[in-house]
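sequence-free structure coming up:
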């Protein structure tokens with residue numbers, strides 16, 4: 001284990017170079033041609049079976065066991081890293097800051113570079129493998145559901161057999177090098193609520209001759225927040241944030257319609273169904289009270305991220321053995337951000353973990369957080385990320401064998 005950490009430290013400069021190249025040129029969505037090319041270049045020279053997606057610019061690399069007594073049905077472990085950025089204009093002063101109006105504000109550039117590091121470490125130890133490893137380089141985690149696209153294209157069977165376990169890591173701005181996770185529910189499901197209030201347009205100077213949907217929409221925003229605090233079980237919480245309001249184009253015209261959109265995070269099927277039903281009832285009721293109608297759509301995007309209890313208990317022991325107990329934390333409760341690795345964990349038992357990458361040399365008011373235009377991560381954590389993922393794969397294959 002100490003050897004693995006030392007080897008990862010030796011890879012750190014090249015992993016940082018890759019990460020900073022990706023950071024300077026982020027791409028968003030499912031189409032990441034420049035990022036895909038950088039990953040393929042970083043994997044060049046390794047004895048991997050590499051394929052790319054047809055519906056997205058994904059990269060799947062399979063590292064085969066080289067053991068002479070390899071069984072026909074050798075086990076498979078999947079390691080995943082997402083690659084896409086966000087449509088955010090970067091406001092950091094990093095020398096490699098993005099200038100194209102997009103930003104790796106969620107750390108996916110680190111996830112990609114760290115997974116490359118794990119591939120290099122495991123390639124160096126391929127004679128010790130007791131099975132195969134699938135490296136899943138995924139576009140489109142932010143909203144585009146890239147994990148499902150890759151599952152449809154066969155990533156879970158890329159080695160010829162279904163993976164027995166899947167692992168992934170996500171950086172955040174907690175203390176550098178600290179691993180956090182928990183068995184069971186880890187992250188919330190992500191959903192989108194959209195409501196359009198329809199009234200009757202008119203002249204801005206004569207509201208009595210129109211049916212104005214704007215104050216109805218404003219009342220609905222407040223009512224939705226009250227619903228969350230008064231109608232939802234505090235022990236099965238949801239988070240709802242209204243993030244978009246739209247109404248009219250001319251300042252002297254009462255529009256015929258007004259709409260809102262909200263992100264809704266849930267931790268169970270029960271709370272999901274409750275918030276879906278009550279949001280619709282609330283919108284329709286408030287609209288009717290003002291002589292308007294409401295059109296409500298509720299889209300389930302990502303399910304709840306659930307770590308397998310047995311895999312996670314086993315993984316926590318591996319983390320402690322590799323890093324020391326002081327750098328491993330069990331989260332007391334789930335967190336509300338969402339993650340499309342949930343689709344993988346629905347089909348393959350595994351563990352998703354959080355890895356601290358906070359910077360100690362940045363003032364707290366400029367540290368930011370994931371999805372902030374001025375978030376800054378400490379990419380020296382890439383060595384830890386690569387070592388943790390490689391260690392999980394090696395140990396899990398030994399266990400399966």
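Everything's here; your move. The structure displayed is predicted, hence computed values, not measured ones.

so where's the stretch 201-350 of the chain shaky on pLDDT?
Judged by pLDDT under 70, the stretch 201-350 of the chain has no weakly predicted residues.

where along it do the strands fall?
Taking DSSP state E, counting those that start in this stretch, the strands of the stretch 201-350 of the chain run over residues 202-203, 238-247, 253-254, 257-266, 293-302, 305-307, 328-330, 350-356.

need the ones you listed in TSV (columns: distance to residue 319).
For the C-beta atoms, the positions are set from N, CA and C on the backbone; glycine is no exception. TSV is the format used below for the strands of the stretch 201-350 of the chain (distance: least, CB to CB, whole Å):
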stretch	distance to residue 319
strand 202-203	63
strand 238-247	28
strand 253-254	59
strand 257-266	26
strand 293-302	25
strand 305-307	13
strand 328-330	5
strand 350-356	8
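
nearest to residue 209, out of these?
Among these, the nearest to residue 209 by CB to CB is strand 202-203 (5.0 Å).

who are the packing partners of that closest one?
If you count contacts as 3 or more CB pairs under 8 Å, 6 or more residues apart in numbering; DSSP states H and E, strand 202-203 packs onto strand 253-254.

closest one to residue 110 among the strands of the stretch 201-350 of the chain?
Within the strands of the stretch 201-350 of the chain, the stretch nearest residue 110 is strand 350-356; the backing value is 8.5 Å (CB to CB).

give the next helix or strand downstream of that closest one.
helix 364-367 (DSSP states H and E).

still on that earlier bit, ok, which of the strands of the stretch 201-350 of the chain comes nearest residue 134?
Closest approach to residue 134 among the strands of the stretch 201-350 of the chain is made by strand 350-356 (12.0 Å; CB to CB).

and the closest one, which strands flank it?
Sheet pairing of strand 350-356 (DSSP bridges) gives strand 165-172 (parallel), strand 179-181 (antiparallel).

what about the shortest one, average pLDDT?
Strand 179-181 shows a mean pLDDT of 98 in the predicted model.

same thing with the longest one?
Taken as a whole, strand 165-172 carries a mean pLDDT of 98.

what about the closest residue to residue 259 other than its chain neighbours, which SS state?
Once flanking residues are discounted, residue 259 sits nearest to residue 196: 4.2 Å by CB to CB, 6 or more residues apart in numbering. Counting by DSSP: H, G, I helix; E, B strand; the rest coil, the backbone at residue 196 sits in strand.

end-to-end on stretch 228-248?
When the termini of stretch 228-248 are compared using CA to CA, to the nearest Å, they are 28 Å apart.

list the buried residues in it.
Across stretch 228-248, burial judged by 16 or more other CB atoms under 10 Å covers 228, 232, 237, 238, 240, 242, 247, 248.

how much space between the third one and residue 185?
Look at residue 237 and residue 185: by CB to CB, to the nearest Å, they are 12 Å apart.

which neighbours do the two share?
residue 267 (CB atoms under 8 Å, 6 or more residues apart in numbering).

in this protein, where's the longest helix?
helix 2-24 (DSSP state H).

that one packs against which elements?
Using 3+ CB pairs under 8 Å, 6+ apart, helix 2-24 is in contact with helix 33-43, helix 108-124, helix 382-400.

out of these, the one nearest residue 221 is which?
The nearest among the helices and strands packed on helix 2-24, by CB to CB, is helix 108-124 at 31.5 Å.

tell me the most buried of the strands paired with strand 350-356?
strand 165-172 (a mean of 25; mean count of other CB atoms under 10 Å).

show me how far that one is from its chain's centre.
9 Å (CA atoms, centre = their mean, to the nearest Å).

and the angle from that strand to helix 382-400?
Counting by axes from the mean of the first three to the mean of the last three CA atoms, to 10 degrees, strand 165-172 lies at 160 degrees to helix 382-400.
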